[in-house]
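J.: just a sequence and a predicted model for now, questions to come.
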Amino acid sequence: MGELQKKKLLFVFVSICMLLLVGYEARPFHHVEMNGMISVAHRGASNFAPENTQSAFRKALELGADFLECDVHLSKDGELIIMHDDKVDRTTNGSGYVKNFTLAELKELDAGGKFHSSFAGEKIITLNELLEEFYGETGLLIEIKKPSMYPGIEERVVALLGEYNDLNSIIVQSFDIESMRKMNTLLPELEVALLIKPSIQSLSSQKIIDLTSFATYINFNVSYVNKREINQIHNQGGKVLVWSTKNQGWVDKAYQYDVDGIITDFSIWPVEGPIQLVQE
């Protein structure tokens, strides 16, 4: 093959790549009509910015999320740290369990570079920092992760939230039923939510009565809940949030089931594009 032909082929290849990139960037976006449902930004707008960071939460606010969802662990020195995993490995340049770092040590880690180089230097934040910036601006859904790993974490969350007079825009949730029962006892005016682990077995009527006796929200993966459960929760005065894959199909299912809100990675969806899983 001659030099001229090689140059022509290279030009064609680059041109095709540029067209594909432009096509991707120009892909239209549309806002999903919520029809009265609340939108909860899962770890912030975590499709646009590093999850559970100020950038992700600010972007979610910009996109109109009704609630910011975050995850909380305890540091070695007892600070409430916002991070999904119990280890820092996946989202930062560090390695090890959150509980083995002091706040100062966690602040030295880069929580943005793994997402994209433009976010390099993004810092891990605390629940206190989240509240200082976003309290009163939007609702906050705070998930306590693995409370059994952190004895006394409920008391620390209550102590922090106790500094705020109006808790109407704050919900605390967990997969741990007893932890949320404890939160309800410690701070009755606070709404608590229970995350239900995916199971083919439905909640019994008696179980729903028990859970709604202290929890305002019972939250499910939309693939593992049925209309009977949702109706019974509503009949007991409870509410339901759901999460699942980001496509119009599951949003339609949420409408049909008359849930109260959806938990998503961000509050707008591409018209086309890969489906990504929202994992609790």
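T.: Structure received. Numbers count the residues shown, from 1 in each chain.

J.: and the closest residue to Gln256 other than its chain neighbours, how many neighbours does it have?
T.: Among residues not flanking Gln256 along the chain, Lys227 sits closest, at 7.7 Å (CB to CB, 6 or more residues apart in numbering). All C-beta spots, glycine's among them, are computed from the backbone N, C-alpha and C. By other CB atoms under 10 Å, the residues close to Lys227 number 12.

J.: what's the distance between Lys227 and Met180?
T.: Separation of Lys227 from Met180 (CB to CB, to the nearest Å) stands at 24 Å.

J.: give the contact list for the residue nearest to Gln256.
T.: Gln256, Tyr257, Asp258 (CB atoms under 8 Å, 6 or more residues apart in numbering).

J.: can you pick the most crowded of the residues you listed?
T.: Busiest of the contacts of Lys227 [other CB under 10 Å] is Tyr257, holding 17 neighbours.

J.: my read: that one touches Ser223, true?
T.: No. Counting by CB atoms under 8 Å, Tyr257 sits too far from Ser223 to count as a contact (11.4 Å).

J.: and the residue nearest to Gln256, its phi and psi?
T.: phi -60, psi -40 (degrees, to the nearest 10).

J.: what about Gly78, which helix or strand?
T.: For Gly78, there is no host helix or strand (DSSP states H and E).

J.: likewise Lys197?
T.: Here Lys197 is assigned to no helix or strand, by DSSP H and E.

J.: how close does the closest residue to Ala120 other than its chain neighbours get to Arg58?
T.: In space, and not counting its chain neighbours, Ala120 is closest to Gly113: 4.0 Å by CB to CB, 6+ apart. Distance, Gly113 to Arg58, by CB to CB: 18 Å.

J.: how about the helices in the chain?
T.: Ranges of helices within the chain are 3-25, 54-62, 103-107, 127-134, 153-161, 177-186, 205-212, 227-235, 248-257, based on DSSP state H.

J.: list the buried residues in the third one.
T.: Put plainly, it is helix 103-107. By 16 or more other CB atoms under 10 Å, the buried positions in helix 103-107 come out as Glu105, Leu106.

J.: contacts for it, please.
T.: Ser75, Lys76, Asp77, Glu79, Ile81, Val88, Gly94, Val98, Lys123, Ile124, Thr126.

J.: which residues of the stretch 101-250 of the chain score low on pLDDT?
T.: Counting by pLDDT under 70, the stretch 101-250 of the chain has low-confidence residues at 245-248.

J.: picking up where we left off before, nearest to Ile200 among the contacts of Lys227?
T.: Closest to Ile200 out of those is Tyr257 (17.0 Å), distances taken as CB to CB.

J.: now do the strand ranked longest in the chain and helix 153-161, the angle between them.
T.: Ordering each strand of the chain by length in residues (DSSP state E) puts strand 67-74 first. Counting by axes from the mean of the first three to the mean of the last three CA atoms, to 10 degrees, strand 67-74 lies at 130 degrees to helix 153-161.

J.: can you list contacts of strand 67-74?
T.: Strand 67-74 has contacts (CB under 8 Å, 6+ apart) with 38-44, 52, 57, 60-61, 80-84, 86, 98-99, 127, 130, 134, 138-146, 149-150, 153, 156-157, 171, 261, 263.

J.: in strands, which of those fall?
T.: Residues of the contacts of strand 67-74 located in strands (DSSP E): 38-42, 80-82, 139-144, 171, 261, 263.

J.: residue nearest the middle of this structure, spatially speaking?
T.: Residue closest to the average C-alpha location in the chain (CA atoms, centre = their mean): His42, at 2.1 Å.

J.: so that one is in contact with Ser244, correct?
T.: No. Using CB under 8 Å as the test, His42 is too far from Ser244 to be in contact (10.9 Å).
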